Structures are given as C-alpha cells and as structure tokens.
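Asks: Give me coordinates for this.
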Amino acid sequence: MAIPIEWYLILSALLFIIGAAGLLTRRNLFIMFFSIELMMNAVNVNLVGFSRLHDNLTGQGFVLFTMAVAAAEAAVGLAIVTALYRNRQTLMVDLFNRMKG
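Replies: Numbering: from 1, shown residues only. Okay, the predicted model is just below:
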C-alpha cells in the first residue's frame, strides 16, 4: 500500500511553515539555525515524495546530495555560532549590530 503524494506534501508544508515561523519569530541564533535546517528537511521530504510518485531514484539522489551539503553547512554554521558566542557572550541577533568590535 503506497503512501499518497498528498501526505508527503502536507508533511513538507507543515515542516516548512514551522521552520519559517521559527526563523521569523525567534531571535536566538541557534533556534534560527535549526529552523533553516528544518526548512531544508521539508524540501527533502518533497524530493522523496515526488521521487516515489514517479518511480525514479533521481530525487533520492538529490536528497543525499542536499544532506551532505546540509552537514557541511551545519559544521561551518555551528563553528561560526560558537565563535560569536565566545566573543559576545550572547546569541541574541538583535545585539549583533556590527560584525567587528
């Protein structure tokens, strides 16, 4: 019994909306970072859903590629966030009015 494409789209839309809401409403850099990751996972769910719909593995290949890019982005992003925290002792983006100083 196959899962209908609508379920993939609904799950993806919910994940994307939660991620966008977290990105727009929260001011903590970690929460914003994780919200972006959630939005990227919503795109991955869409790719897998349409890949299964068309019986083609190309979408799943793209998911593997985007997961690799997301892992590299997470490593670099967390390093930047850690450096910012060490310099400023806060992760609230409203207090970052300039990058140097």
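
Asks: Contacts for stretch 8-18, please.
Replies: Contact with stretch 8-18 is made by S35, L38, M39, N41, A42, V43, V45, N46, V48, G49, F50, R52, as judged by CB atoms under 8 Å, 6 or more residues apart in numbering. C-betas here are computed from N, CA, C, even on glycine.

Asks: What ranges does this protein have for its helices?
Replies: Ranges of helices in the chain, per DSSP state H, are 5-25, 29-53, 58-88.

Asks: I'd like to know how many residues surround V45.
Replies: 20 (other CB atoms under 10 Å).

Asks: any idea how far it is from F62?
Replies: 12 Å (CB to CB, to the nearest Å).

Asks: Out of the helices of the chain, which is closest to N97?
Replies: helix 58-88 (10.6 Å; CB to CB).

Asks: lowest-confidence helix or strand of the chain?
Replies: Ranking every helix and strand in the chain by mean pLDDT, DSSP states H and E puts helix 58-88 at the bottom, with a mean of 91.

Asks: buried stuff in it?
Replies: Across helix 58-88, burial judged by 16 or more other CB atoms under 10 Å covers G59, V63, T66, A70, G77, L84.
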